[in-house]
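Q: What follows is a protein structure lacking sequence information:
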């Protein structure tokens, strides 16, 4: 039996869609009422150890989708509890969605690296999917200010953004053939390194207006994010992401993505273009 955690999240939903109709799949979420009728579901709450023990019973392969953003100690506690429960009930293989190697420059890398080490030191077989940052993230910042400028503080940096659908496809391929991926870690970043100039061009094409890229400062971004109502821990996460991209650390495109997909990955620029056009 395969169990997918985080089934109502952005990546989890895509994975569940791709596994629909299989009789060996169950989905896990702390909000089972949000799962469509007819889909086998178990309540999985990373903050409730009982739900983990009961929810993982009888599971052979666990797709452990990272337990969401939070302070480092919260995320580590959640992942640790999930792995411990899986070991105790006899889960045979854990596939974990981690963060790309370039992500070591990000403020939220530590819980991912801790989880990788915990798996390697544990008693279950494991596979690690080191996911790059989503193209959908860049799409959120492909917007203009009142002066018609894209001001996201990326500097001259670029991001090897990856389509979330491709990451879902890879996760499905791995969890349905785990014996071929035992003890493997895969780098899953995009084939295109995208910068602020690309975002400005896409917005210009979608709107038929003149749009320039004039990156703002990190201080301006910090103030804007804080004023948006973001949680306190989210502010340095986003600012740190901008800083790492601007510093030139996130543009490397060496990846296992195409090999695992068995086809050419989706265009990150295409994903961003679709999102920009949908807003018009």
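A: Looks like it came in fine. Since we're looking at a predicted model, the values are computed, not measured.
Q: where do the helices sit along this protein?
A: Ranges of helices in the chain, per DSSP state H, are 10-19, 49-55, 72-89, 109-120, 135-140, 164-175, 196-207, 218-227, 234-246, 257-261, 268-279.
Q: Check those for me and report the most buried one.
A: helix 164-175 (a mean of 22; mean count of other C-beta atoms under 10 Å). The way it works is simple: take the backbone N, C-alpha and C, and place the C-beta from them, glycine included.
Q: which residues sit against it?
A: 2, 4, 10-11, 14-15, 17-19, 61, 63, 95, 97, 127, 129, 131, 134-136, 181, 186, 188, 257, 260-262, 265-266, 271 (C-beta atoms under 8 Å, 6 or more residues apart in numbering).
Q: do stretch 267-277 as well
A: 135-136, 138-140, 142, 161-164, 190-192, 194, 198-199, 202-203, 205-206.
Q: swap the cut-off to 10 Å and go again
A: Stretch 267-277 has contacts (C-beta atoms under 10 Å, 6 or more residues apart in numbering) with 132-143, 159-166, 189-194, 198-199, 201-207.
Q: Could you list the low-confidence segments of the stretch 101-250 of the chain?
A: By pLDDT under 70, the stretch 101-250 of the chain has no low-scoring segment.
Q: how far does stretch 157-172 stretch from start to finish?
A: With C-alpha to C-alpha, to the nearest Å applied, stretch 157-172 spans 32 Å between its terminal residues.
Q: mind putting the helices of the chain in JSON lines, distance to residue 25 included?
A: Conversion of the helices of the chain to JSON lines gives the following (distance: least, C-beta to C-beta, whole Å):
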{"stretch": "helix 10-19", "distance to residue 25": "5"}
{"stretch": "helix 49-55", "distance to residue 25": "14"}
{"stretch": "helix 72-89", "distance to residue 25": "16"}
{"stretch": "helix 109-120", "distance to residue 25": "22"}
{"stretch": "helix 135-140", "distance to residue 25": "25"}
{"stretch": "helix 164-175", "distance to residue 25": "9"}
{"stretch": "helix 196-207", "distance to residue 25": "37"}
{"stretch": "helix 218-227", "distance to residue 25": "37"}
{"stretch": "helix 234-246", "distance to residue 25": "32"}
{"stretch": "helix 257-261", "distance to residue 25": "20"}
{"stretch": "helix 268-279", "distance to residue 25": "26"}
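Q: The ones you listed: which one's closest to residue 32?
A: When the helices of the chain are compared for distance to residue 32 using C-beta to C-beta, the nearest one is helix 49-55, at 10.1 Å.
Q: Identify the residue nearest residue 280 in space, chain neighbours excluded?
A: Nearest residue to residue 280 in three dimensions, chain neighbours excluded: residue 206, at 5.6 Å (C-beta to C-beta, 6 or more residues apart in numbering).
Q: The one you found contacts residue 279, doesn't it?
A: Yes. If you go by C-beta atoms under 10 Å, residue 206 and residue 279 touch, sitting 7.9 Å apart.
Q: Please identify every residue contacting each of the two.
A: Common neighbours of residue 206 and residue 279 (C-beta under 10 Å, 6+ apart) are residue 142.
Q: Let's see the pLDDT reported for residue 69.
A: Looking at residue 69, its pLDDT is 77.
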